[in-house]
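Engineer: Sharing a model prediction with you, sequence too.
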Amino acid sequence: MGKPVKKIWLDTDPGFDDWLTMLLLGSNPQIDWLGVSIVTGNAPVDITWDNALRIKAHDGLKVAIYRGCEQPLAGAIETAQRILGDSGMPTTGDALPPRAASDASSDAAGHAVDALIAAVRAHPGEITVIAIAPMTNIATALMKAPDIAGKIVEIILMGGSTDQGNHTAAAEFNIYADPEAADVVFRAGIPLRMFGLNLCRQLLVTNVEVARLRALGTARASMLAGYLEAYVRIRSPDGSVPMPMYDPVVALYLEAPQLFQFLPAHVAIELRGELTRGMTVCEFRVPRRAAVTTQVAHLADGPAAIELLMQRLSAILA
Ligand code: RIB
Ligand code: CA
């Protein structure tokens with residue numbers, strides 16, 4: 001008897017690492033994928049929405065994709081385009097085919113926030129929310145429909161860090177881009193499982209993984225290899241310095257939880273610090289100093305996790 005099927009909702013800002021996560025989720029038989037909400041993050045939502053629909057068409061995904069929030073709850077829009085370019089997902093090779101005109105009407109009508117609320121209310125106590133982007137959609141849903149907080153099984157997020165940031169010295173991008181939204185989520189009383197930069201830095205990809213994809217010899221593998229090569233080159237121009245793998249870590253956890261270890265903590269979001277805004281302040285002296293709100297991933301078998309990723313991508317793309 002296999003593991004029970006898990007109902008999930010994905011909130012995302014494609015993004016190449018988001019794309020890898022979608023490939024893993026879409027090919028996992030233990031997952032009942034109820035929907036996808038798109039948000040401003042790696043790029044403004046106009047672009048992340050277009051990226052998501054191009055991914056769906058290219059990879060034949062069946063899941064409904066809803067367009068979500070454009071602006072963070074407070075402050076100006078902050079994207080990763082200064083690092084990733086206008087598209088939010090650069091490649092050294094061929095780009096995803098543009099959407100056909102007909103695709104414009106091919107996706108889910110209605111706002112992503114309303115779709116998420118409806119899905120949680122339709123499946124109370126069954127849905128795990130996977131958050132791999134700034135949490136504007138999720139926070140907006142919680143503010144619009146407070147009842148859903150008690151109906152979500154768990155939120156598993158790629159975001160934050162127990163140590164250094166990436167977008168700033170103190171803050172990881174998904175939190176930094178909408179700290180007020182993260183604050184709403186971390187205060188909502190929903191069980192949280194946080195995969196921060198401290199964990200992702202144990203899962204490293206290099207040009208070796210790029211070559212492994214290319215060696216598969218299919219058009220899909222070659223295209224994905226170009227995006228992976230550009231992703232690895234975020235860290236160093238020639239890809240010689242290993243690059244942490246971010247978003248797919250949550251999908252790898254769903255498939256192989258034994259590869260990861262967690263510590264209970266209270267996690268708070270810094271909103272006012274001039275240098276620390278968006279920092280996830282992790283208090284591990286629980287419950288003495290604070291109540292436990294979050295299971296924080298702190299150890300991974302990184303090589304095994306990356307090997308699982310490569311094995312799964314090889315099976316999908318071959
Ligand atoms: O800091 C990494 C996160 O920022 C990932 O989710 C990546 O896709 C970007 O959104
Ligand atoms: Ca992302």
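Structural biologist: Looks like it came in fine. Ligands and ions are numbered 1, 2, ... in the order given.

Engineer: Which strand residues bridge Ala297?
Structural biologist: Phe262 (DSSP bridges).

Engineer: Quick one: residues contacting it.
Structural biologist: By CB atoms under 8 Å, 6 or more residues apart in numbering, the contact list for Ala297 reads Arg193, Met194, Phe195, Gly196, Asn198, Leu199, Val249, Tyr253, Phe260, Gln261, Phe262. For every residue, glycine as well, the C-beta is placed using N, CA and C.

Engineer: how does it look with 7 Å?
Structural biologist: Applying CB atoms under 7 Å, 6 or more residues apart in numbering, we find Ala297 in contact with Met194, Phe195, Gly196, Leu199, Phe260, Phe262.

Engineer: Report pLDDT for it.
Structural biologist: Turning to Ala297, the model gives it a pLDDT of 99.

Engineer: Now the buried members of the contacts of Ala297.
Structural biologist: Met194, Phe195, Gly196, Leu199, Phe260, Phe262 (16 or more other CB atoms under 10 Å).

Engineer: re the thing from before, out of the contacts of Ala297, the closest to ligand 2 would be?
Structural biologist: Phe195 (11.6 Å; CB to the ion).

Engineer: sorry, back to before: is it possible to get JSON lines of the buried ones among the contacts of Ala297 that adds pLDDT and secondary structure?
Structural biologist: Below are those laid out as JSON lines (pLDDT from 0 to 100; DSSP: H, G, I helix; E, B strand; the rest coil):
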{"residue": "Met194", "pLDDT": "99", "secondary structure": "strand"}
{"residue": "Phe195", "pLDDT": "99", "secondary structure": "strand"}
{"residue": "Gly196", "pLDDT": "99", "secondary structure": "coil"}
{"residue": "Leu199", "pLDDT": "98", "secondary structure": "helix"}
{"residue": "Phe260", "pLDDT": "99", "secondary structure": "strand"}
{"residue": "Phe262", "pLDDT": "99", "secondary structure": "strand"}
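
Engineer: Throw these into CSV and include distance to ligand 1, thanks.
Structural biologist: Output for these, formatted as CSV (distance: CB to the nearest ligand atom, whole Å):
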residue, distance to ligand 1
Met194, 12
Phe195, 10
Gly196, 9
Leu199, 12
Phe260, 17
Phe262, 19
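
Engineer: Mind listing what's buried along the helix or strand harbouring Glu307?
Structural biologist: Taking DSSP states H and E as the criterion, Glu307 maps to helix 302-317. In terms of neighbour count (16+ other CB under 10 Å), helix 302-317 has its buried residues at Gly302, Ala305, Ile306, Leu308, Leu309, Arg312, Leu313, Ile316, Leu317.

Engineer: who's in contact with the fourth one?
Structural biologist: Contacts for Leu308 were tallied using CB under 7 Å, 6+ apart; they are Leu252, Glu255, Ala256.

Engineer: Same check on Val185?
Structural biologist: With CB under 7 Å, 6+ apart, Val185 has these contacts: Met135, Ile138, Ala139, Leu142, Ile155.

Engineer: Now the two most distant members of these.
Structural biologist: Ala139 and Ile155 (10.9 Å; CB to CB).

Engineer: re the thing from before, from the contacts of Val185, which is closest to ligand 1?
Structural biologist: Of all these, ligand 1 sits closest to Met135, with 10.9 Å by CB to the nearest ligand atom.

Engineer: Apart from its chain neighbours, what residue comes closest to Asp301?
Structural biologist: Leaving out its chain neighbours, the residue that sits closest to Asp301 by CB to CB, 6 or more residues apart in numbering is Leu259, at 4.7 Å.

Engineer: And for the one you found, the neighbour number?
Structural biologist: 20 (other CB atoms under 10 Å).

Engineer: Same question for Lys62.
Structural biologist: By other CB under 10 Å, 7 other residues sit near Lys62.

Engineer: for Pro14, same thing?
Structural biologist: 33.

Engineer: in stretch 117-126, what counts as buried?
Structural biologist: Applying 16+ other CB under 10 Å to stretch 117-126 flags Ile117, Ala118, Ala119, Val120, His123, Glu126 as buried.

Engineer: Assumed the second one was part of a strand.
Structural biologist: No: checked against DSSP: H, G, I helix; E, B strand; the rest coil, Ala118 lies outside a strand; its state is helix.

Engineer: what separates it from Ala52, distance-wise?
Structural biologist: Distance of Ala118 to Ala52, computed by CB to CB, to the nearest Å: 19 Å.

Engineer: List phi and psi for Ala43.
Structural biologist: Torsion angles at Ala43 (phi, psi; degrees, to the nearest 10) stand at phi -150, psi 170.
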